Structures are given as structure tokens and as C-alpha cells.
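Peer 1: need coordinates for the following:
(chains A and B)
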Protein chains: 2
Amino acid sequence: MENWLIKRARLTPNRVAVQEKGQQLTFQEVADQTKKIAAQLNVVIETEQRIALIATNTIASYLVIMAVQQLGKTMVFINRRLSFDEINYQLADADISVLITDEDYHQQLKVDKQLTVSALSTEKSARLDLVENFPDDAVTSIMYTSGTTGKPKGVMQTFNNHFFSAMGSALNLGLTADDAWLTAVPIFHISGFSILMRGLIYGMRVVLLPKFDAHQANELLVNHHITTMSVVPVMLKQLLKDLPEDVSYNSGFRTMLLGGGPTDRATLKRAQAHHIPIIQSYGMTETASQVIALDAEYADEKLGSVGKPLFPVSLKIADHYGVPVKTGNIWIKSPTLTVGYLNQPNKLAEKCRDGWFNTEDLGYLDDDGFLFVQGREGDMISSGGENIFPDEVESVYLKLPEIDNIVVVGVPDEQWGQVPVAIVIDSKLSATDLKAYGREKLAHYKVPKRFYFANDWHRNASGKTERIKFIAEITRLKELK
Amino acid sequence: MENWLIKRARLTPNRVAVQEKGQQLTFQEVADQTKKIAAQLNVVIETEQRIALIATNTIASYLVIMAVQQLGKTMVFINRRLSFDEINYQLADADISVLITDEDYHQQLKVDKQLTVSALSTEKSARLDLVENFPDDAVTSIMYTSGTTGKPKGVMQTFNNHFFSAMGSALNLGLTADDAWLTAVPIFHISGFSILMRGLIYGMRVVLLPKFDAHQANELLVNHHITTMSVVPVMLKQLLKDLPEDVSYNSGFRTMLLGGGPTDRATLKRAQAHHIPIIQSYGMTETASQVIALDAEYADEKLGSVGKPLFPVSLKIADHYGVPVKTGNIWIKSPTLTVGYLNQPNKLAEKCRDGWFNTEDLGYLDDDGFLFVQGREGDMISSGGENIFPDEVESVYLKLPEIDNIVVVGVPDEQWGQVPVAIVIDSKLSATDLKAYGREKLAHYKVPKRFYFANDWHRNASGKTERIKFIAEITRLKELK
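Peer 2: Numbers count the residues shown, from 1 in each chain, chains lettered A, B, ... in the order given. Prediction:
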């Protein structure tokens, strides 16, 4: 296909492409400014095929991403919340020599050249021919999966992946000429970057929020024409907490796209009271964002489900060998599936069978074909021959108004092999109370044997609780009595 | 991709898929009834890969088309307006032994088995497994091009062609869950069949009109929720003639998609007075319907243009060798491009260079990148070293209120090589008047040397005037004095 940015600048030159606070650029302006930045970058880049970026959700970062794409190079997105060691691992793995950051020089980072987003000025005039085409199979972006086990893996995403992702989303959520998508999820993550790609493909206004702030986001959603927003559960809860009773979002608002975990009935009820349609979704870096989604009309009836596969996507529940079973691994077949992990040529093939990708999440379909996710395969706790899904136990405890955050993990146990224990951030309830509550709501073997206090709550860039970090520190945590 | 119909029945089982007069079927009902028809068809079909259909725009025909697709067979669409000889040519070329028609047995048709649409009852119960997937590259439909020169050619269209066609259209026209597309153009033609495919892909209601009738169509457009309609110029004129002043279409009406030729300012003004947004478009059987479209907002400013290429489509003006020129052949690169002509393995390659397809239409781009089509390359008249485009001459004469139909063709001339002559259906004006008018508006060499009366007006299935038929009969026509 033709270069999407050039195409957009030709088709809808005067539509707003991107907006941040008071500033906004049309597609023509984005094309013009991107060209200048690409020319400056081109001087810095030698033979490298991959450029790394540590970015926030700003127009300046947006333009740099466009510029790298326009040079036919691959953008390696680095999660800005990682430690220097973690970043250095990814820089080395991706063989990066040029790193662009949104802040000043980081001495701790091991890279030949560092430059800041602001050094790439749109004021400077420079001439350069941009790429003519966006080849279907060219890798345009790499993102490292947070990886609950093992080293992070660089997920390679092609233009084709992003195109079909945008199509699947449009076929589900609809598309109008005045759509605008509020982007408060990070643009270095697939949830954010996929919005930028949809912006180019749809000719849609992308509204950037450099840092998620519930009050600021609500102000935009109430008073401005915004049709769609992507959130993770914790963001949704904060938005609803901040939103005054009897206040609704702007009349064009159509979709609150919720990823990264399920919502609960109380949150859903609060959203419904404000007429906010929640579309629960499921996806991952490997599938270039959402591949399963639950229509708002089923939000109540199918609470806890992530819905049905998008139009271009297929889904099956199968065992490790890909043989269909009632409850088991969630397998996906999709044109949005990554073409592979960087430097690990066999890794994707190991997770695939006959074109199906094993997500290594566990789940089942109900009689109406709605998918329910039970958790990561590796998270499952095997206790005395019984399987325990931490997600299920957590969701039961999250119904308590006293519990805002909880994580359940398995620890070794002589008698049962493994037993479940829970970590909370603080609690007005005693361990005895919590156990009593659990015994009332859950099979006894599912009730956490011990409760601990966390010092910090470990979340990854997408807002997901990082179970692995809690497991690692559990022996150092203080037990709740 | 997964079988689109099964997918739709799973995703949106209760949405209306198709509607005709008082009757309507949901996607689930279409899937159920299609299964029964497919089972009955399966008994009739032996090893044949291709099944032919002569159909009108009815639910019964729609279900047969779905059934053939569900059996993994290729539907060969026969234009019901063709002569028996022409149909027999196509049946033989496509090696058809099973023909399904919407009327009774035709003795004149050379085919082993004939059955009627109504014989395939949805009442009968039958069991059959439908195809699991719609393979991207499988040929699902064949349509013969009306072909202004030479024998008709069977254009092979794949699922991928139809998918990208639907995507290109959605990215241009938008998409909402309550869209409904009025289908009065024939479903055996790409303009109609592409709507059926969009219906499956979008989950959209398709409203069928068995025979175009301006009054009936207006009744639907005024009083019912219909968002989109496909028309050719003659249909649009009739709709506007029938529509009472001060009457507008239903408030959801968004797009009158006009193909098969340009409109004129008077018609456009009338449409605008009724708030009917006209999207002028350009496409052909080989590109699986529209590939270029003009936004309604440019309808006035760029009158006569067919617009800009849809998002997945590229366009260039080039000579026969594909070398860019200012005015020349219109070349298209598109994922909707046919994979070839049946039984003519080299024919498509002859029209292509480096992935670009030569439409053999002539045109140019204005400074803003809008495409203007001048006509078929073969239609161009070369007179005394000057090129004359019949379309241009015709459009000048069509501005006269006395002229409803006119066709300009070249005839041999000793002095000039060729000269233009015109055929009209009747005229209150004399040849002298018409020539005087032409000399006022056109360069003298472009003014038709003679005017003839037509006995019949030759139009093909898409409503286009068939120039070739007029050329063939010109010596038998009566000259206007």
C-alpha cells in the first residue's frame, strides 16, 4: 500500500490529525513537519535499520514516530517506566545505536548516539524524499512484551498487522468522519501506538494526553467532541470517581474501550449511570491490540466476558496440541498476529500450530460463544489436585469496598504442593475476616492461606499488576494478622 | 479468514441482513436458510466448480448466491438482459453445466441442468457442513465485462478483492451499526454484488429492490431508515424527477453513491436542493467496484471529477508503457484488482506493468490531485490530427433541456481520417440548430458532422450507453435534418 501519511495528506489534508492541549496539526501539517524531522534524522542515522524511542504522549514524540516510519526504519518502543538495566537489555537486544528520548541525556544508557525529541526541530528546513510505499510485510514497530516469565521478547509488527487491526476495530466500533480518539494510554505500548496507526488509516483526530489524569481526561470527555477512549481498569475507576453525579460525556462519545483486565459490576453500574458504553476487550502486543471485544449491549448479561473475536479474527479453546477442549488455552488466528520475536526465530513457531497462536491464557466459551478468560497458564495454582485461577479469587475479593488492589499467587506447600496466598496494599479487615469472607464465596481450597501487605504495587506499562514481581518479593513481605 | 456468513451469524445474529418489501431475514436466519439451500444444491452439483445464475434482486436470489458461496463454489453471474446467444457464449466459456434462474426453463440455453430459484426451497430440511473458511485467494465470483470491443471476458474476483473493496468503501463513507444500503442496481453486476459482500463484512442491512422504480425507491428513501444507495446517472435523474419539491430523504441518509458516468450541474443542483449528498465514483468489474470517489464537499468545486483513490488504492496517469504523463491512460494499483480473466491466462498481464493495471480509460489529474476521466481509449476520435473525446462533446449537448440522451462516435472520413457524428433519441431541434449550438460551445472540429435518430437506446446492465452498438448500426439510422 502507498505511504499512509502521504495518502492521508492527499485525501484529507485539512482534517486535524493530532491534538495535544491547545496545539493541533492537520494531516498536511503533520506530513510537512514529519518531512523536516525525517531529513534531520536521516543525517544522524547511518546504516541502522532500527531506531529506539523513549517517549511520552506528545505531538513532538508523535512526529518523531512518523518520521522514523517515513524513513522506512523500524521504531523500537522503549517503555519509559523500565529501569536502566532493563532498557539496556532491550537496546542491546535490538542492536540500537541511535536512541531518541523525550528528556535529557541518560548516562546510564548504553547507546552510541542519544538525541532528544526537542532537538529535532520542525523549524529547520530540510529536503528529503519519503518512502513511497508501506510494504505489507515490512516490520515498522517493535515492542518488548512485559513477559511475566523469562526475558522480554521484541514483538515485531508489520504494516499489515496494523492495517488489519484498524479494520477489525472499525468493523466493530464503526467509523465516522468526525471520530476522535483520546489517547491517555502510552503511545510506546500497543494500546496507544495502535491509535496513532488508526488515526492515519481512518483519517481520524488523535487527542494526546501526555500523562493520564482523571480530572483532565474527564474535562476533555465532557466538554469536547471525543468519540472514543482506551483505558485499563484502574483508569476507568479513577475516571468514574472523579466524574460528578449527573454529568455525562459529550453527546458524540461512543466507546470506552477497556483492555488489560475485566471490570466489575459496581464499576459497570457507575459507568452505565453516566451513559458511558463500555466495550470490554482482549488483546496483546502479539496481536497488535484488541482481537476480542464485548459489545456494550452485552455488558451486563455477559459481565466478566471479553466478548467475541473481531471480524478478521478466529478463536478456539484447545489443549497444548491445538486440539479443541471445553476449557483450556486460548488460541487465536488473525492477520494481526506478529511475524515473530526479534532474534528468536523459532519462538513464535513454538507457540503456533497450523496458523493458530497459543496465547497461553486460559479460558472457555459459554454456550453463546462468549469468551471468558481465566488467567495466564503459568499463573494457575495447582493445589492438592485442584486448579485455582488467581483472577477468579482476586475478582471475588475486589467486590469488597475495603479492597482496591489484590494479587493472588501460588507458593510451595509440603502438604498440597501449592497453596494460594494473597497480597493487598492495605486493609481495614483482618486476615481472619478476609478468610471468613473467602470461605463464604469460594471453594475452601481457593481461599488464600495467608495475606501479606505490599510495599509498592507493581504494575507494568499497560496498568496490569505484575504478578511475577510479587512472587519474587513474597518472603520479604509482612503478613497480615 | 473465517466464513463471513457464519462469522456474522455469530457476531450479530439478530441484526437484519437482508430485506425485500415486507420480508426480512436476520443474519442467523440467512445462515439457517442458506444451509438448507446449499444442501439441496449439493445434491444437484457433481464435480462442477462453477455454477451460473440469472437473478433479479430478490431474497430468493440472495440466498442462492450465499448457498453457492457456502459450498466453496464459484458463482458465475449472468446478466439477465443479454440475448440467448450472448448467454450461451458465457455458459460455454465458463464450462457451466448447472444454471439457476429466477424464471422458468429456457429451452434456448445450452446447459445440462436448469433449476429455478424457487425450486430451492428453504422449507426443506437438509444437513450439510458449510465451508469453514473463505480463503483469501479463492475465486468466489465471475462476471463478464460488457466489453466495448471483442468478446466478453470473465473477470475473476477473490474474497480478498471483495474484502478490500468493502474496507476501501468503509474508510471513505464511514460505517455505523445501523447502516442500510438500498440495492436497486443489479446484484449480478459488481455494483450490486459488492453491496451484498459489504453486508456480510459490515453486518449491514441490505435492502433489495427487484426492479428499479424511482417512485418506489423514493418512498423507501423518504420514509424508511436507509443510509446509502448506489445509482447510475439515469437512475439519479429519475429519482430527482419523481421527488416532490421540499421533500427530503430520511434523516439518516448519508450517501448517494453515483457510478457509471458523471453527473451534470443541473442534476447536482437538484440533488443539493433536496440535501442529497452525491458521491461521484469510478470503478469497474476488474477492480471489484469503486476505487476512486469524490467527496460530497467537493461536488461543486470539482464537478466532472470522479475524485481521489480510496485509501487502499493507488492511481497514476501514464502512457502505454506505464511512464507518467500529464494526460493519458488511467492506471490503478489496488488489492481489489481481479486475479485474471477466465480462460485467458495472459490477458490481465498484458494490461499490467509492475503491478499497475491499465484501465484503458483516458484522463488527467488537476493540480489538487482530482481525477478527470475523458473516456475510453478506444472511443477517442482522431480527426485531422486533433483528439476528440466523445464524453466531452456529449456532456456539452446534455446541458440542453431538449437533449436527454446523446452518443458521439467517430466514423471514417476521407478528408479528416475520422469525424464525430452524434446519435440522439429524438429532438425538437434541427441538425442546423444543434450544429450552431455546438459551434458556440466547442472547438469546431469537435462538433458532430451529422446527427442521427436512434431506434433503441442501447444500455448495458450498469446503465451505461453501449457506444459499440450504435457504431455497428449507424449506417442503418435515419439522419436528422
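
Peer 1: how near is the residue nearest to A:Asn14 when sequence neighbours are not counted to A:Arg8?
Peer 2: Once flanking residues are discounted, A:Asn14 sits nearest to A:Thr26: 5.4 Å by Cβ to Cβ, 6 or more residues apart in numbering or on different chains. (C-beta placed from N, C-alpha, C; glycine too.) Distance of A:Thr26 to A:Arg8, given as Cβ to Cβ, to the nearest Å: 10 Å.

Peer 1: what sits in contact with each of these two?
Peer 2: Residues touching both A:Thr26 and A:Arg8 (Cβ atoms under 8 Å, 6 or more residues apart in numbering or on different chains): A:Ala17.

Peer 1: between the two, who's got more neighbours?
Peer 2: Just comparing A:Thr26 and A:Arg8: by other Cβ atoms under 10 Å in any protein chain shown the higher neighbour count belongs to A:Arg8, 25 against 18.

Peer 1: need phi/psi at the more buried one.
Peer 2: Backbone torsions for A:Arg8, taken as degrees, to the nearest 10, come to phi -60, psi -40.

Peer 1: what does the stretch 351-481 of chain A have sitting close to chain B?
Peer 2: Residues of the stretch 351-481 of chain A lying near chain B by Cβ under 8 Å from any Cβ of the partner chain: A:Gly369.

Peer 1: closest residue of the stretch 351-481 of chain A to chain B?
Peer 2: Closest approach between the stretch 351-481 of chain A and chain B, counting by Cβ to the nearest Cβ: A:Gly369, at 5.7 Å.

Peer 1: so that residue sits against B:Arg10, correct?
Peer 2: Yes - contact status for A:Gly369 versus B:Arg10: in contact at 5.7 Å, counting by Cβ atoms under 8 Å.

Peer 1: more neighbours, those two?
Peer 2: Ranked by neighbour count (other Cβ under 10 Å), A:Gly369 and B:Arg10 place B:Arg10 first, with 17 against 14.

Peer 1: re the thing from before, show me whatever sits in contact with both of A:Gly369 and B:Arg10.
Peer 2: Common neighbours of A:Gly369 and B:Arg10, using Cβ under 8 Å, 6+ apart, are A:Lys308.

Peer 1: pLDDT of stretch A:283-292, averaged?
Peer 2: In this model, stretch A:283-292 carries a mean pLDDT of 96.

Peer 1: is chain B within reach of it?
Peer 2: No - using Cβ under 8 Å from any Cβ, stretch A:283-292 stays clear of chain B, with a minimum separation of 11.2 Å.

Peer 1: what's the pLDDT at A:Thr148?
Peer 2: 51.

Peer 1: the one 5 residues further on too?
Peer 2: A:Lys153 is assigned 92 on the pLDDT scale.

Peer 1: go on, A:Tyr105?
Peer 2: 67.

Peer 1: nearest spatial neighbour of the residue in the stretch 251-400 of chain A that chain B sits nearest to, skipping sequence neighbours?
Peer 2: For the stretch 251-400 of chain A and chain B, the shortest gap (Cβ to the nearest Cβ) falls at A:Ser314, measuring 5.0 Å. Among residues not flanking A:Ser314 along the chain, A:Lys333 sits closest, at 4.1 Å (Cβ to Cβ, 6+ apart).

Peer 1: tell me who's in contact with the residue nearest the centre of chain A.
Peer 2: The centroid of chain A falls nearest to A:Ser191 when counting by Cα atoms, centre = their mean (4.0 Å). By Cβ under 8 Å, 6+ apart, A:Ser191 lies in contact with A:185, A:230, A:232, A:259-260, A:289, A:462.

Peer 1: tell me the buried residues within the residues you listed.
Peer 2: Using 16 or more other Cβ atoms under 10 Å in any protein chain shown as the burial test, the contacts of A:Ser191 include A:185, A:230, A:232, A:259-260, A:289, A:462 as buried.

Peer 1: want to throw those into a markdown table with secondary structure?
Peer 2: Output for those, formatted as a markdown table (DSSP: H, G, I helix; E, B strand; the rest coil):
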| residue | secondary structure |
| --- | --- |
| A:Val185 | coil |
| A:Ser230 | strand |
| A:Val232 | coil |
| A:Gly259 | coil |
| A:Gly260 | coil |
| A:Ser289 | strand |
| A:Ser462 | coil |
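
Peer 1: lowest-confidence one in those residues?
Peer 2: A:Ser462 (57).

Peer 1: pLDDT on whatever helix or strand A:Ala52 lives in, on average?
Peer 2: When elements are assigned from DSSP states H and E, A:Ala52 belongs to strand A:50-54. For strand A:50-54, mean pLDDT is 96.

Peer 1: quick one: contacts of the helix or strand just after it?
Peer 2: Going down the chain from strand A:50-54, the next helix or strand is helix A:59-70, by DSSP H and E. Helix A:59-70 has contacts (Cβ under 8 Å, 6+ apart) with A:3, A:5, A:18, A:20, A:23, A:25, A:30, A:33-35, A:37-38, A:41, A:51, A:53, A:55, A:74-75, A:100, A:102, A:117-118, A:120, A:122, A:130-131, A:134, A:140, A:187, A:193, A:196, A:206, A:208.

Peer 1: farthest pair in the contacts of A:Ser191?
Peer 2: A:Val232 and A:Ser289 (12.7 Å; Cβ to Cβ).

Peer 1: now do the shared contacts for those two.
Peer 2: Shared contacts of A:Val232 and A:Ser289, defined by Cβ under 8 Å, 6+ apart, are found at A:191, A:259.

Peer 1: circling back to that earlier point, quick one: the closest residue to the residue nearest to the centre of chain A other than its chain neighbours and A:Thr228, what's the gap?
Peer 2: Counting by Cβ to Cβ, 6+ apart, A:Ser191 lies nearest to A:Val185, which is 4.2 Å off, once chain neighbours are set aside. For A:Val185, the distance to A:Thr228 equals 12 Å [Cβ to Cβ].

Peer 1: for chain A, what's the longest helix?
Peer 2: helix A:27-44 (DSSP state H).

Peer 1: which residues does the strand ranked longest in chain A contact?
Peer 2: Across chain A, the strand with the greatest residue count (assigned by DSSP state E) is strand A:356-365. Residues from elsewhere that reach strand A:356-365 (Cβ under 8 Å, 6+ apart): A:284, A:286-287, A:314-318, A:320, A:322, A:326-334, A:337, A:348, A:351-352, A:371-378, A:380, A:389.

Peer 1: tell me the strands beside it, with direction?
Peer 2: Strand pairing for strand A:356-365, using DSSP bridges, gives strand A:327-333 (antiparallel), strand A:352-353 (antiparallel), strand A:371-376 (antiparallel).

Peer 1: how about it: buried residues?
Peer 2: For strand A:356-365, burial by neighbour count (16+ other Cβ under 10 Å) applies to A:356-363, A:365.

Peer 1: same question for stretch A:211-220.
Peer 2: Buried residues in stretch A:211-220, defined by neighbour count with 16+ other Cβ under 10 Å: A:212, A:214, A:217-218, A:220.

Peer 1: and if you look at stretch A:265-275?
Peer 2: Neighbour counts using 16+ other Cβ under 10 Å place A:267-268, A:270-271, A:274 of stretch A:265-275 among the buried residues.

Peer 1: in helices, which of those residues appear?
Peer 2: Secondary structure from DSSP H places A:267-268, A:270-271 of the buried residues of stretch A:265-275 in helices.
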